[in-house]
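S.K.: predicted model and sequence below, questions to follow.
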Amino acid sequence: MSDGLEDVVAADTVLSEVDGRAGRLIIRGRSLDELTGRTRFEDVTHLLFAGFYEDLPADLQPALGAARLEVFAEVAALDTGLLDRTPIEAMRALTARLADGDNLAIALRLVAAPAVFTAAVVRAQAGEAPLRPDPALTHAADILRMLRGQTASPAEVAALDTYLVTVSDHGLNASTFAARVVASTRAGLGSAVLAGISALKGPLHGGAPGPVIEMLDAIGRPENARAWIEGALERGDRLMGFGHRIYRVRDPRADALKGAVRRLDARQGRLEFAEAVEAAALAILREKKPNRPLDTNVEFYTALLLEALAFPPSAFTCVFAMGRVAGWLAHAREQLAGGRLIRPQSRYVGPLPQRAA
Ligand code: ACO
């Protein structure tokens, strides 16, 4: 048995390839470099959905804009009980209100849901009224407008598109596997997406970037980095934003996102500080964990980028879901198209009955 299913191949996919030794990510035949900086989120969603959803329009922007408006009706269900929850729990609860099923219209509403519900929850938690989607905008531009109430700059929209495209799919990660398991039971696309959100929420998967900001804030100054990091490792804590199950070298997504932060150019001081903390963390991890190659993962510069775009750290995982939902929905359909029910075996290691019944 492989602990944590490490190295187990559980699906054939045409969607993405993660090469952990070369530090390379391919999404439907395109390298990350080819995709980032020039691709809108709508376009990578189209790329992932092509061949898996019937009647896919050539440009997904109008249909996704219409889907944002449709799901906004559910924002009326945001009550004080939900507003006391974390943004991802509130967003998940609103997503669970959408009709389940298996067609393109349902899939597009599920793509729209994390974006519309997160913006509404963040605003409502800050005492501001949720803003109605503008279907004429691109998905990234509308997310930033719904969050802040103002039009975002083209550079900010490009940065958010880079983020959403970068995280849109990544092999059989924990949340995608969860989504494929649920899809394999034919429960519906909504159920598969809820499974994905639930798996993503954990700090070992998509929940890491909020704690990256906490770490940077606790360190405060570059000269404090070594003592703080050594103390954390001595307590047995993990450094958020470092290490990966597949990558044995630097996660290629880290540099794609670091480049996006650099292009925003308003926050170079923060970026330089983060680079100093990263360098200290990598040096100390090499000293303390010589047997395990631990490098920077996607979450470290995700934290910097989403902070620069004014998302509150409590909502970072929700923004991850806004991008990864495209991958979950493509994998769900790929699973339905060719896969059987996913039902592995467990090995019983408990006590045997004392006597035969
Ligand atoms: N900080 C310190 N030590 C670490 C870290 C880390 N970030 N990551 C792994 N290790 C150590 C473990 O303590 C363990 O050491 P030991 O053998 O001395 O006990 C060894 O490396 C192997 O750890 P595993 O848990 O077996 O490695 P796994 O492949 O399961 O972990 C994971 C991958 C969960 C991402 C891990 O590296 C981690 O916890 N990172 C921090 C959280 C994080 O950044 N998550 C986001 C990942 S990217 C994503 O999912 C989108």
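M.R.: In hand now; what should we look at?
S.K.: shouldn't residue 25 be within a strand?
M.R.: Yes: when DSSP: H, G, I helix; E, B strand; the rest coil is applied, residue 25 is found to be in a strand.
S.K.: measure how buried it is and give me the count.
M.R.: Residue 25 has 26 neighbours, counted by other C-beta atoms under 10 Å. Every C-beta, even on glycine, is put in place using the N, C-alpha and C of the backbone.
S.K.: residues in contact with the residue nearest to it when sequence neighbours are not counted?
M.R.: Nearest non-adjacent residue to residue 25, counting by C-beta to C-beta, 6 or more residues apart in numbering: residue 32, 4.8 Å away. Residue 32 makes contacts with 24, 25, 26, 166, 252, 253, 256, as judged by C-beta atoms under 8 Å, 6 or more residues apart in numbering.
S.K.: ok, residue 32 to the ligand distance?
M.R.: Remark: distance between residue 32 and the ligand (C-beta to the nearest ligand atom, to the nearest Å) = 14 Å.
S.K.: just to revisit the earlier point, just the buried ones from the contacts of residue 32?
M.R.: If you count burial by 16 or more other C-beta atoms under 10 Å, the buried members of these come out as 25, 26, 166, 252, 253, 256.
S.K.: list the buried residues for stretch 151-162?
M.R.: Those would be 152, 156, 157, 158, 159, 160, 161, 162, for stretch 151-162 by 16+ other C-beta under 10 Å.
S.K.: thinking again about what came up before, export the buried ones among the contacts of residue 32 to a markdown table and append columns for distance to residue 107 and pLDDT.
M.R.: Shown next, in a markdown table, are these (distance: C-beta to C-beta, whole Å; pLDDT from 0 to 100):
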| residue | distance to residue 107 | pLDDT |
| --- | --- | --- |
| 25 | 23 | 96 |
| 26 | 23 | 97 |
| 166 | 21 | 97 |
| 252 | 27 | 94 |
| 253 | 24 | 95 |
| 256 | 26 | 94 |
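S.K.: just give me the closest of those residues to the ligand.
M.R.: residue 253 (8.4 Å; C-beta to the nearest ligand atom).
S.K.: secondary structure, pLDDT and distance to the ligand added to the buried residues of stretch 151-162, as CSV?
M.R.: Converted to CSV, the buried residues of stretch 151-162 look like this (DSSP: H, G, I helix; E, B strand; the rest coil; pLDDT from 0 to 100; distance: C-beta to the nearest ligand atom, whole Å):
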residue, secondary structure, pLDDT, distance to the ligand
152, coil, 97, 25
156, helix, 96, 23
157, helix, 97, 23
158, helix, 96, 22
159, helix, 96, 18
160, helix, 98, 17
161, helix, 98, 19
162, helix, 97, 16
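S.K.: so where's this structure shaky on pLDDT?
M.R.: 356-357 (pLDDT under 70).
S.K.: residue 37 belongs to a helix?
M.R.: No: using three-state DSSP, the assignment for residue 37 is coil, not a helix.
S.K.: hmm, it is touching residue 162, no?
M.R.: Yes: counting by C-beta atoms under 8 Å, residue 162 is a contact partner of residue 37 at 6.1 Å.
S.K.: spell out which residues of this structure are next to the ligand.
M.R.: By C-beta under 6 Å from any ligand atom, the residues of the chain that approach the ligand are 4, 173, 204-206, 208, 238-245, 289, 292, 294, 297-299.
S.K.: could I have the buried ones of those as PyMOL selection syntax?
M.R.: Only the buried members of those enter the following PyMOL selection, criterion being 16+ other C-beta under 10 Å:
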select buried, resi 173+205+206+208+239+240+241+242+243+244+245+294+297+298+299
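S.K.: can you flag which of the residues of the chain next to the ligand belong to strands?
M.R.: If you go by DSSP state E, those have nothing in strands.
S.K.: in helices only, show me the residues of the chain next to the ligand.
M.R.: Of the residues of the chain next to the ligand, the ones assigned to helices by DSSP state H are 298, 299.
S.K.: now do the domain split for the protein, please.
M.R.: 37-203+321-338, 209-308 (automatic domain parsing).
S.K.: chain center to the shortest one, what's the gap?
M.R.: Offset of domain 209-308 from its chain centre (C-alpha atoms, centre = their mean, to the nearest Å): 17 Å.
S.K.: and if you look at stretch 189-201?
M.R.: Per C-alpha atoms, centre = their mean, the centroid offset for stretch 189-201 relative to its chain is 11 Å.
S.K.: stretch 166-180 now?
M.R.: Centroid separation for stretch 166-180 versus its chain: 9 Å, with C-alpha atoms, centre = their mean.
S.K.: phi, psi for the residue minimising distance to the centre of the chain please.
M.R.: What sits nearest the mean C-alpha location of the chain, by C-alpha atoms, centre = their mean, is residue 320, with 2.7 Å. In terms of degrees, to the nearest 10, the main-chain angles of residue 320 are phi -60, psi -40.
S.K.: which non-adjacent residue is nearest it?
M.R.: Nearest residue to residue 320, sequence neighbours excluded (C-beta to C-beta, 6+ apart): residue 206, at 4.4 Å.
S.K.: and if you look at residue 122?
M.R.: residue 315 (5.3 Å).
S.K.: just checking, residue 116 touches residue 71?
M.R.: Yes: the criterion here is C-beta under 8 Å, and residue 116 meets it with residue 71 at 5.1 Å.
S.K.: how much space between the residue nearest to residue 320 and residue 172?
M.R.: 15 Å (C-beta to C-beta, to the nearest Å).
S.K.: find the closest residue to the ligand in this protein.
M.R.: Nearest to the ligand, among the residues of the chain, is residue 243, at 2.2 Å (C-beta to the nearest ligand atom).
S.K.: can you tell me which residues contact the nearest residue to that residue once chain neighbours are set aside?
M.R.: Nearest non-adjacent residue to residue 243, counting by C-beta to C-beta, 6+ apart: residue 294, 4.6 Å away. Residue 294 makes contact with 242, 243, 282, 285, 286 under the criterion C-beta under 8 Å, 6+ apart.
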